[in-house]
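Asks: One predicted model, sequence on top.
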Amino acid sequence: MVDRRAPETVMRLSRLGSLHQCRLSFMRQLTRRMAAETWQFTRPVFDIDANGVGHAVYTATAGDHSYSLVAFAHDLPDHMRSDRVIAEAWDATFALFDGIPTKADIARLSQNVPKQEAGRVSDNELSLSRANRSVRLWAHVVENLAKGRQPDPAQIEAVGYLMRTTAVYGSGKFGAADREKIADRAEMQAPFQAEMLSVFLTRWFVRDLVEHMAQIQGGVRSTTLDPALASRLGIGNSTGLGMAPFIVNHPVLFNNWIIAREEAIARVRSLPKAKPEEIAQFVSVLTRANRSIDRWQSEHPVQIAKLKDLNQDRAALADFLATNDLTGPSPWDALVTWAEGTLSEEGQELVASLILEPYPDLVDGLGSCMADSNGDAFVIDGAMSIGQMRDLLMASFGWASDLDWVAPEHCARAWYVSEEKLEPRLGERFDEPIADYEQPLAPARDAALALDALKDWNADTLIAEFLATHPQHRHTIRRAQISQIAPYGEIRDNTISADVMPIDMLRAKLSFFGATHFDPRSDRWVRICMYSGAPYPQDLTPENADLWVYPEGTA
Amino acid sequence: MSFSLNEVDAMAKRATRGVGYAWGLAEEAGKATRWLCAHSLDGVSVLAATLEDDPDPSSCPLIAGTALSDKAADLTDAPLTLIDLSQPMLLLAFAGSAARQLGHPVTLTCNSVVAVTDGSGLALSGTFPIQAKTVDIRLGGQMDTPLQTATRVTPDQNAWATLERFAHRTYAPATEESRRLGAGAGLSDND
């Protein structure tokens, strides 16, 4: 058996910032399930006026439960369009309703959902979200459809979506139902399934809305979107810093995502032989993945450099496969080992994700291990010895223990929450008055501080004694104990250094959603695409429910 | 107004941090408040009163509670008596944590109040005082009629406002520099 890759290898920020989607990603888990269980999809309401203002309801029914996207369309002046948390109006706003909403529910939601954070939803709602148009592509598509023409495929490819969500809140936020309400339902057991469903239905709504606006503008001359073009359109997402605290604040959950993928990689690497059809599947998916990379555009210098590396990696991989046809012993392990010595981290992680594709039977079952149902991990075991605690801290953060944490380059940044709509932000500790508001999002520094405080204590003393007089280290002691059950729960890098790139943390999370085409807008902001290439709900079949993320050839 | 347990947890944690407790204790306050509310008790009011009273560490239920949970194993040797404690109801959540760790119910007695918890359920008779002369905590007990559990919380408005006020102290004042640079979205979204 090949071992899982070590946490000290996997949990570096540069590698987390190079992760790619795979079979386990949450969008693909959802689309596979919806197709396998033949979910039913309906649009009971579409009440949008000539100005594009109104509401619509899209319902997905999965056996015992229905879930309805309640969508509100707005007429947003350009000067109000912002993807930031501090925005106060959007082109469209949404709630995912648990069941089928009555008129009274919709009336209630219409008073609250358009206000987003400033409104309240109830435990009948599972998520709250909003989206803004891609102004350029929206205008282009409406204008052309109105004239009875199809939009330019090159423009569709360049942007990738008509609307991008700018937040999808779930799990009890702003009054919505707690995760516990749905965690025991099979279809909601995997992480973020409600949020992923909401976005999947949003994509359908956006297509309907753009065709509606074209019809209003063009009347009988107008046409509808060519299904092939519509299929290429995903839903964008514009993500700021909120996701970075999330992965630090949920070490068990984040561990479960990473360890599931690492276990899948280790299982495939351990195979002694690959069957011809498995090799063919890998080669086919690789070809299709390359098409997706061809469409991946970014103007950010860091991502431009990474894409350049990735394109060199593709060439190197093609050369490797020209002389290694994967028919030898332990072919996947040989491929991954070669990649580790040759490719950039972008390329290594692409290969690691792609080798999982031929093996649904080995991989897909791990999808059900990715939720966090271990509430007891929070409880500190005070009977642990200080010696054992030191060992745990050193295992995750030994590298951090002799760093000079007072040196400005090592603690230049501080994470904080602004009083402006509670937007998460990252600031310069030595230039801005923020240190007093710092959030506990520097586990490496805090571990080093705890190790220092523990150094004169007897190894046999219980950690409860230390905690009684050192409450300032309590959160660090808790994390260290959690690391026993969550070996991939800690980022092995400095999250407050002068050169930290928060987009690495955002990408790690988004890759597990199944996002593609990461396009950083700065070191702390990224746009992505979701569901590009996916079938629309009514076209979903077991045949097209999984590999849609890899574009098929046009020839 | 009805809140989710997640919102209660988050607000309690921020408020506790806001009055100056360490992050690790603030996390405990969040979970304890949530636990009380999930057992249909007014965790929001008891935490708000605790934070407003700002008790000495020696009579603080958060500090006594975490110590109780951290030293849960000691209960197998001998019962524990705490003296001069503020807002003793908050201890229930930590007694629950001790019971879960030990795999046995824990009984907490305070004046005429008797509470028994196995960590997931809670049986309670009587009303907790604001201030307790003594609280006795021992292993064992029988949960006869557990309190109903709750998935939503409708807190006392004043108590919630108190938590909001303290939580606000954890938010950095908005400055132009922070607004411009802090979230890092410098480009236009009108493209």
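Replies: Right, received. Where do you want to start?
Asks: Helix or strand: which one has A:Asp105?
Replies: helix A:103-112 (DSSP states H and E).
Asks: Can you confirm whether that helix lies near chain B?
Replies: No - remark: helix A:103-112 sits outside contact range of chain B, by C-beta under 8 Å from any C-beta of the partner chain, the gap being at least 11.7 Å. (C-beta placed from N, C-alpha, C; glycine too.)
Asks: show me what contacts the residue in the stretch 201-350 of chain A that chain B sits nearest to?
Replies: Closest residue of the stretch 201-350 of chain A to chain B, C-beta to the nearest C-beta: A:Gly240 (4.9 Å). Neighbour list for A:Gly240: A:Asp83, A:Arg84, A:Val85, A:Glu423, A:Pro424, A:Arg524, A:Trp525, B:Ala183, B:Gly184, B:Ala185 [criterion: C-beta atoms under 8 Å, 6 or more residues apart in numbering or on different chains].
Asks: Measure how buried residue 3 is and give me the count.
Replies: Answering for chain A, as no chain was given. Look at A:Asp3: counted by other C-beta atoms under 10 Å in any protein chain shown, it has 9 neighbours.
Asks: please go with chain B instead
Replies: Using other C-beta under 10 Å as the criterion, the residues surrounding B:Phe3 number 22.
Asks: wait, what's in contact with it?
Replies: A:Gly175, B:Met11, B:Arg152, B:Val153, B:Thr154, B:Pro155, B:Trp160.
Asks: For chain B, which segments are assigned as strands?
Replies: Using DSSP state E, the strands assigned to chain B run over residues B:3-4, B:80-86, B:106-110, B:113-117, B:122-125, B:131-139, B:152-153, B:171-172.
Asks: Output the longest one as CSV - backbone C-alpha positions only.
Replies: Read that as strand B:131-139. Provided in CSV are the C-alpha atoms of strand B:131-139 (Å, rounded to 0.1, in the frame of the first residue of the first chain):
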residue,chain,number,x,y,z
GLN,B,131,-25.7,34.0,43.0
ALA,B,132,-24.9,30.6,44.7
LYS,B,133,-23.4,30.1,48.1
THR,B,134,-22.5,26.6,47.2
VAL,B,135,-22.9,24.3,44.2
ASP,B,136,-22.3,20.6,44.6
ILE,B,137,-21.4,18.5,41.7
ARG,B,138,-21.2,14.7,41.8
LEU,B,139,-21.1,11.8,39.5
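Asks: returning to that earlier point: just checking, what packs against the helix holding A:Asp105?
Replies: strand A:54-62, strand A:65-73, strand A:92-98 (3 or more C-beta pairs under 8 Å, 6 or more residues apart in numbering or on different chains; DSSP states H and E).
Asks: what's that helix in contact with?
Replies: Residues contacting helix A:103-112 (C-beta under 8 Å, 6+ apart): A:45, A:55, A:57, A:70, A:72, A:95, A:97, A:101, A:119-122, A:124-125.
Asks: How about that helix, which residues are buried there?
Replies: A:Asp105, A:Ile106, A:Arg108, A:Leu109, A:Asn112 (16 or more other C-beta atoms under 10 Å in any protein chain shown).
Asks: now those as JSON lines including pLDDT?
Replies: Shown next, in JSON lines, are the buried residues of helix A:103-112 (pLDDT from 0 to 100):
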{"residue": "A:Asp105", "pLDDT": "98"}
{"residue": "A:Ile106", "pLDDT": "98"}
{"residue": "A:Arg108", "pLDDT": "98"}
{"residue": "A:Leu109", "pLDDT": "98"}
{"residue": "A:Asn112", "pLDDT": "98"}
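Asks: Those into CSV, with extra columns for distance to A:Arg207?
Replies: CSV is the format used below for those (distance: C-beta to C-beta, whole Å):
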residue, distance to A:Arg207
A:Asp105, 24
A:Ile106, 21
A:Arg108, 27
A:Leu109, 22
A:Asn112, 26
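Asks: can you tell if the lengthiest helix in chain B touches chain A?
Replies: Ranked by residue count, the top helix of chain B under DSSP state H comes out as helix B:23-38. Yes - residues of helix B:23-38 contacting chain A under C-beta under 8 Å from any C-beta: B:Trp23, B:Gly24, B:Leu25, B:Glu27, B:Glu28, B:Lys31.
Asks: Most neighbours out of those, which is it?
Replies: B:Glu28 (31 neighbours).
Asks: Give me the nearest residue to that residue, chain neighbours excluded.
Replies: The shortest distance from B:Glu28 to any non-neighbouring residue, by C-beta to C-beta, 6 or more residues apart in numbering or on different chains, is to B:Thr66 (5.2 Å).
Asks: and A:Ala89, how many neighbours?
Replies: Counted with other C-beta under 10 Å, A:Ala89 comes out at 17.
Asks: how does chain A divide up, domain by domain?
Replies: Annotated domains of chain A cover A:7-22+A:251-371+A:496-523+A:540-549, A:40-240, A:375-485 [automatic domain parsing].
Asks: And A:Met530, its phi and psi?
Replies: phi -120, psi 140 (degrees, to the nearest 10).
Asks: what sits up against stretch A:26-43?
Replies: Under C-beta under 8 Å, 6+ apart, the answer for stretch A:26-43 is A:21, A:56-63, A:187, A:190-193, A:196-197, A:199-200, A:204, A:208, A:364, A:367, A:512-514, A:530-531, A:534-535, A:537-538, A:540-542, A:544-546, A:548-549.
Asks: Distance to B:Thr50 added to the domains of chain A, as a markdown table?
Replies: Formatted as a markdown table, the domains of chain A follow (distance: least, C-beta to C-beta, whole Å):
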| stretch | distance to B:Thr50 |
| --- | --- |
| domain A:7-22+A:251-371+A:496-523+A:540-549 | 28 |
| domain A:40-240 | 23 |
| domain A:375-485 | 15 |
